[in-house]
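**Q** predicted model and sequence follow; I will ask about them next.
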Amino acid sequence: MQTEQQPKIATLVFLQTVSAAVTQLKQKLQQDYERVYPGLGEIIHLILDEEEAKAWELSLFPHLFLPDLVEAHVARLGLEPAATKQDEVRVPHRFFDMPSCKSALAYVDY
């Protein structure tokens with residue numbers, strides 16, 4: 001039997017989970033951009049806060065938009081985006097390694 005509290009609790013848990021993901025992402029972006037621009041830590045922090053607010057306005061999944069919003073903001077300032085560790089990880093494309101399908105024709109004599 002569901003109570004009225006269960007949807008509210010689920011919503012709170014969801015929002016806490018997303019908030020934690022956004023916080024972790026902001027910390028990572030801060031580190032990545034400070035690595036590229038060591039003297040701009042405070043400005044990067046302000047950019048992250050501003051773009052986080054925009055990301056929350058766009059979606060309940062702001063962590064999906066935040067990196068692109070930050071990158072666009074940084075580009076407007078005339079700076080290059082920071083390479084993230086995800087950018088450095090290359091996943092090999094296995095398309096050509098897949099076995100090819102060979103058609104199997106059968107001759108049936110009726």
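**A** Noted; the coordinates are in hand.
**Q** for Ala83, helix, strand, or coil?
**A** coil (DSSP: H, G, I helix; E, B strand; the rest coil).
**Q** for it, give me its contacts.
**A** Neighbour list for Ala83: Asp32, Val36 [criterion: Cβ atoms under 8 Å, 6 or more residues apart in numbering]. (C-beta placed from N, C-alpha, C; glycine too.)
**Q** try Thr11
**A** Under the criterion of Cβ under 8 Å, 6+ apart, Thr11 has no contact partners.
**Q** report pLDDT for it.
**A** Looking at Thr11, its pLDDT reads 88.
**Q** so which helix or strand takes in Gly78?
**A** For Gly78, there is no host helix or strand (DSSP states H and E).
**Q** all the helices of the protein, residue numbers only.
**A** Taking DSSP state H as the criterion, the chain contains helices spanning 5-36, 41-58, 66-76, 85-88.
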